[in-house]
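1. The amino acid sequence is not available; the structure is as follows:
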């Protein structure tokens, strides 16, 4: 099936209400935070980069563990601004019913493996603004880095959480402005195509869970 044909016949999405109650509460019933793959897609590779692959099922339990950092292709509906153009590394395209969507590579940290999916939190640079981007809850954010030393905070940042370090996989690196958002949970199915970025150092992993649980309760 071609990309255009698959766009005409999108796979049905499991409603958020079918997720376990504790997961529903953390994603606040926002369907865009439940990330699925297309079950009609037979290939295990993304055309943009053959390194993006689905994790073999019997490795789900060992790959999707607390502290695993990975990246994946992310697509969501676009607003009315700049349709048909690119937004930095984001590419706009026309999908079903003539609507516009954009795709980009996003990074996530696994917090909990829930069987056939994991609760994950996002890593973003916010176009180099870090946690100073207007509208963010700064207290929900923290520094995450692959460098041996934590990068300096950006002007205007007042982050109180300890930084967490990632042991990178091969030549993967995080930009200095990378921030992890403990207050925004996503449910990511285990059969999406991913590329490993690395693993949070063992001594820092408890911080991920602690900060996530605290943010979800506030």
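-> Here it is on my side, so go on. All of these numbers come straight from a predicted model, not from anything done at the bench.

2. Just give me the neighbour total for the closest residue in space to residue 179 that isn't next to it in sequence.
-> Spatially, and ignoring its direct neighbours in sequence, residue 179 is nearest to residue 141 (4.6 Å; CB to CB, 6 or more residues apart in numbering). Heads up, the C-betas are built off the backbone N, CA and C, glycines and all. By the criterion of other CB atoms under 10 Å, residue 141 has 26 neighbours.

3. buried stuff in the longest helix anywhere in the chain?
-> Determined from DSSP state H, the single longest helix within the chain is helix 205-217. Buried residues in helix 205-217, counting neighbours by 16 or more other CB atoms under 10 Å, are found at 205, 207, 208, 211, 212, 215, 216.

4. So which elements touch it?
-> Other elements packing on helix 205-217 under the criterion 3 or more CB pairs under 8 Å, 6 or more residues apart in numbering; DSSP states H and E are strand 100-113, strand 117-124.

5. now do 10 Å
-> Packing contacts for helix 205-217, counted by 3 or more CB pairs under 10 Å, 6 or more residues apart in numbering; DSSP states H and E, involve helix 21-27, strand 100-113, strand 117-124, strand 141-145, strand 164-168, strand 179-181, strand 193-200.

6. shouldn't residue 209 be in contact with residue 67?
-> Yes - Residue 209 lies in contact with residue 67 (CB atoms under 10 Å); the separation is 8.9 Å.

7. Find the residues that touch each one of the two.
-> Common contacts of residue 209 and residue 67 (CB atoms under 10 Å, 6 or more residues apart in numbering): residue 111.

8. Who are the contact partners of the residue nearest to residue 179?
-> For residue 141, the contact set (CB under 10 Å, 6+ apart) comprises 124, 126, 130-133, 157, 159-161, 179-184, 211, 215.

9. Go again with 6 Å.
-> By CB atoms under 6 Å, 6 or more residues apart in numbering, the contact list for residue 141 reads 131, 179, 181.

10. just to revisit the earlier point, what comes into contact with the longest helix of the chain?
-> With CB under 6 Å, 6+ apart, helix 205-217 has contacts from 26, 66, 67, 111, 140, 161, 162, 164, 182, 183.

11. Please apply the same query to stretch 131-138.
-> Contacts to stretch 131-138, defined as CB under 6 Å, 6+ apart, come from residues 126, 141, 154, 156, 157, 179, 183.

12. residues near the nearest residue to residue 197 once chain neighbours are set aside, how many?
-> In space, and not counting its chain neighbours, residue 197 is closest to residue 69: 4.2 Å by CB to CB, 6+ apart. Using other CB under 10 Å, residue 69 is surrounded by 25 other residues.

13. So which bits of the helix or strand where residue 69 lies are buried?
-> Using DSSP states H and E, residue 69 sits in strand 68-77. Using 16+ other CB under 10 Å as the test for burial, strand 68-77 gives 68, 69, 70, 71, 72, 73, 74, 75.
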